[in-house]
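Participant: have a look; sequence and predicted model below, questions after that.
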Amino acid sequence: MPKPSVSFRCQACSAVTGKWYGRCPKCGEFSTLVEEAAPARSAGLRAGVTGTAPARPAQPVRQVAAAAPTRRLATGIGEFDRVIGGGLVAGQVCLCSGPPGSGKSTLLLAVADSVARLSGRPVLYVSGEESIEQIAVRAQRTGTLDANLLVADDTDLASVLGHVEAHADAALVIVDSVQTVASAEVEGRAGGVTQTMEVAQALTRVAKARGLPMIIVGQVTKDSTVAGPRALEHIVDTTLSLDGDKHSSLRLLRTVKNRFGALEVAAFEQTDTGMREVLDPSRLFRESRTTPVPGTCATVTVEGARALVAEIQALVSNSSVPNPRRAVSGLDSSRAAMLIAVTERVTDHPLWKFDVYLATAAGMRISDPGTDLAVCVAVASAGGKGVAPLDLAAFGEVTLSGDVRAVPMTTERAAEALRLGFRRLLVPVGTRAKLGDRVGPGRVVEVGTLAEAVLALEHHAPRDLPERRAVTLRPVPSGE
């Protein structure tokens, strides 16, 4: 059967079909299929492709790196610089996404103002969502009024590129957002797959050709993914995600992808005067109290290369329905259900009769398996198996068999907990050897199974454990 000469592409999910449908068979969206000509197969592919002399021959990577060392443009906002790897690289294209109202435009306007002030060069901020008057109102409120900060409002790709051409000496260009910019030479609606890809590719080509750092804002869908084709995240160098609970002022800026650095996370607080850096985000993720409370346990999670102390909270209550509830906030619900089942088997407590609620303090989202032990300890404590001391932090992965396994970045986790005043660590076996002399006596309790961890929680002194793990949890004198 001959291949059809035309095809239909969904502007929402980029799926391709051979005929038109009113509703996309893949994503279920209505009226999103647009006709496009099928690409013609070249004769060269049928006959075989022949090579041509490259314009630039291959060179040893050591020689190239020595001739062109990487230089970074610091934005002046310490947390933002750390997330992107220490600063912006020439020609770097960064995609910043986040839900509406998370503070993307406010944060990037502050970045633009800081770069303009430090570099003394123009910084171009092009918005397709707001007028320059609206941008000025935000700039007045947040105090981002540097003379080198230039703003423009345009949704035509040719005009946006014209702004870039007119300011060839710009230190940074910000486009907010890529889904609002369209080209008259490309078919499809603004924000569709074809338009979004063409705009992103055109902006990327200009940034690479001029060695110009560029940040483009990407809208997100209702399931918190970047709107448009998945390829949009592949053509950029760095992808940032600004997340936050709408009921909290805390915002977490995460590096999802970074070709020029490691994956990091930074914390900001959204205030009336703009985004404020939170240099010690751990204090936001744990509750402050003077006496221990059942159902709580501190833990140390890792976001990228950064260790953060968080608090796991659990509540076990009588159920009034035939099927008791399992409500989880901030944790993976599937893994939480597994850990509840393991804790029930180890503690011999009939949790299946009770409602179990799990949450993290300050709405923090945790997907690190290293917090498993703290989750189980919190559930056991809520079920009446003792209370975790205020200065105790637990981390380790719990398996279905009830074993406690080591987790990556053990040293960094322990150092962060001790720095913040936690004087006791409930950790997997082998952690003491990795820490060496960094932790004083009476501060590390090694457990090989969840049963041993619950025993330590119940008695505060696991004297019946083997000698290598028999470390008391008595109060440590201040001079120790």
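Facilitator: Looks like it came in fine.
Participant: ranges for the helices of the stretch 1-150 of the chain?
Facilitator: Listed in chain order, the helices found in the stretch 1-150 of the chain under DSSP state H, counting those that start in this stretch are 43-47, 61-67, 78-83, 104-119, 132-142.
Participant: and the longest one, what does it pack onto?
Facilitator: Okay, so that is helix 104-119. Judged by 3 or more CB pairs under 8 Å, 6 or more residues apart in numbering; DSSP states H and E, helix 104-119 is in contact with strand 93-97, strand 123-127, helix 132-142, strand 149-153, strand 172-176, strand 214-218, strand 274-277. Quick note: C-beta positions are derived from backbone N, CA and C, even for glycine.
Participant: what does the last one give?
Facilitator: Under the contact criterion of 3+ CB pairs under 8 Å, 6+ apart, the helices and strands touching helix 132-142 comprise helix 104-119, strand 149-153.
Participant: compare the ones you listed and give me the one nearest Leu232.
Facilitator: Across these, Leu232 has its closest neighbour in helix 104-119 (15.7 Å, CB to CB).
Participant: could you chop the chain up by domain?
Facilitator: Here the domain parsing of the chain from automatic domain parsing is 1-37, 72-279, 283-469.
Participant: so which bits of the shortest one are buried?
Facilitator: So the one you mean is domain 1-37. Buried residues in domain 1-37, defined by neighbour count with 16 or more other CB atoms under 10 Å: 7-15, 24, 32-34.
Participant: which single strand of this protein contains the most residues?
Facilitator: Secondary structure of the chain per DSSP state E: the longest strand is strand 306-318.
Participant: just the buried residues of it, please?
Facilitator: 306-316.
Participant: with stretch 142-161 instead?
Facilitator: Within stretch 142-161, the residues that qualify as buried are 142, 144, 146, 148-154, 157, 160-161, counting by 16+ other CB under 10 Å.
Participant: tell me the one of these nearest Asp391?
Facilitator: Minimum distance to Asp391 across the buried residues of stretch 142-161 is 39.2 Å, recorded for Thr142 (CB to CB).
Participant: rewinding a little: would CSV of the buried residues of domain 1-37 with pLDDT and distance to Thr52 be doable?
Facilitator: Formatted as CSV, the buried residues of domain 1-37 follow (pLDDT from 0 to 100; distance: CB to CB, whole Å):
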residue, pLDDT, distance to Thr52
Ser7, 81, 31
Phe8, 83, 35
Arg9, 81, 32
Cys10, 82, 36
Gln11, 77, 36
Ala12, 75, 39
Cys13, 77, 37
Ser14, 77, 32
Ala15, 82, 35
Cys24, 85, 40
Thr32, 79, 40
Leu33, 82, 38
Val34, 79, 35
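Participant: just the ones of the residues you listed in strands?
Facilitator: Taking DSSP E as the definition of strands, the buried residues of domain 1-37 contribute 7-10, 33-34.
Participant: what's the closest of the residues you listed to Thr271?
Facilitator: Using CB to CB, those come closest to Thr271 at Cys10, 40.8 Å.
Participant: so where's the stretch 51-200 of the chain shaky on pLDDT?
Facilitator: Scanning the stretch 51-200 of the chain with the threshold set as pLDDT under 70 gives 66-70.
Participant: ranges for the helices of the stretch 351-480 of the chain?
Facilitator: Taking DSSP H, counting those that start in this stretch, the helices of the stretch 351-480 of the chain run over residues 372-382, 410-419, 431-435, 450-459.
Participant: against which helices or strands is the top helix by length along the chain packed?
Facilitator: Looking across the chain with DSSP state H, the single longest helix is helix 193-210. Packing partners of helix 193-210 (3+ CB pairs under 8 Å, 6+ apart): strand 6-10, strand 93-97, helix 157-166, strand 214-218, helix 231-235.
Participant: distance to Leu250 for those - can I get that in TSV?
Facilitator: Shown next, in TSV, are the helices and strands packed on helix 193-210 (distance: least, CB to CB, whole Å):
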stretch	distance to Leu250
strand 6-10	36
strand 93-97	18
helix 157-166	33
strand 214-218	20
helix 231-235	25
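Participant: before we move on, back to that, quick one: strands adjacent to the longest strand of the chain?
Facilitator: Strand 306-318 pairs in its sheet with strand 296-303 (antiparallel), strand 354-360 (antiparallel), by DSSP bridges.
Participant: quick one: average pLDDT of the first one?
Facilitator: Just to be clear, that refers to strand 296-303. Averaging pLDDT along strand 296-303 yields 92.
Participant: hmm, back to that, to Leu400, which of the helices and strands packed on helix 104-119 lies closest?
Facilitator: Minimum separation from Leu400 across the helices and strands packed on helix 104-119 (CB to CB) falls at strand 93-97, 35.5 Å.
Participant: paired strands for that closest one, with orientation please.
Facilitator: Partners of strand 93-97 in the sheet, by DSSP bridges, are strand 214-218 (parallel), strand 238-243 (parallel).
Participant: centre of the chain to whatever helix or strand comes next after the longest one, how far?
Facilitator: When you say that, I think you mean strand 238-243. The element immediately downstream of strand 238-243 (helix or strand, assigned by DSSP states H and E) is strand 250-258. Here strand 250-258 is found 4 Å from its chain centre; the criterion is CA atoms, centre = their mean, to the nearest Å.
Participant: and strand 250-258, what does it pack against?
Facilitator: Against strand 250-258 (3+ CB pairs under 8 Å, 6+ apart) you get helix 78-83, strand 238-243, strand 265-271.
Participant: which of those sits closest to Ile340?
Facilitator: Comparing the helices and strands packed on strand 250-258 by their distance to Ile340 (CB to CB), the top pick is strand 238-243, with 25.7 Å.
Participant: what angle sits between that closest one and strand 265-271?
Facilitator: Inter-element angle recorded for strand 238-243 and strand 265-271: 50 degrees (by axes from the mean of the first three to the mean of the last three CA atoms, to 10 degrees).
Participant: thinking again about what came up before, and the helices of the stretch 351-480 of the chain: which comes nearest Pro350?
Facilitator: Set against Pro350 and scored by CB to CB, these come closest in helix 372-382, at 12.9 Å.
Participant: related to what we said a few turns ago, distance to Arg62 added to the domains of the chain, as a markdown table?
Facilitator: What follows is the domains of the chain, written out as a markdown table (distance: least, CB to CB, whole Å):
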| stretch | distance to Arg62 |
| --- | --- |
| domain 1-37 | 40 |
| domain 72-279 | 18 |
| domain 283-469 | 26 |
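Participant: quick one on the thing from earlier: distance to Glu165 added to the helices and strands packed on helix 104-119, as CSV?
Facilitator: Shown next, in CSV, are those (distance: least, CB to CB, whole Å):
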stretch, distance to Glu165
strand 93-97, 17
strand 123-127, 11
helix 132-142, 19
strand 149-153, 13
strand 172-176, 11
strand 214-218, 14
strand 274-277, 31
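Participant: leaving out the residues flanking it, which one is nearest to Pro369?
Facilitator: Distance criterion CB to CB, 6 or more residues apart in numbering; nearest residue to Pro369, sequence neighbours excluded, is Glu397 at 4.5 Å.
Participant: ok, that neighbour - contacts?
Facilitator: By CB atoms under 8 Å, 6 or more residues apart in numbering, Glu397 lies in contact with 369-370, 372-373, 404-407, 428.
Participant: same question for Val316.
Facilitator: Val316 is in contact with 295, 351, 354-357, 379, 382-383, counting by CB under 8 Å, 6+ apart.
Participant: for the spatially most central residue of the chain, what are its contacts?
Facilitator: The residue lying closest to the centre of the chain (CA atoms, centre = their mean) is Arg254, at 3.2 Å. With contact set as CB under 8 Å, 6+ apart, Arg254 has these partners: 83, 240-243, 263-265, 303-304.
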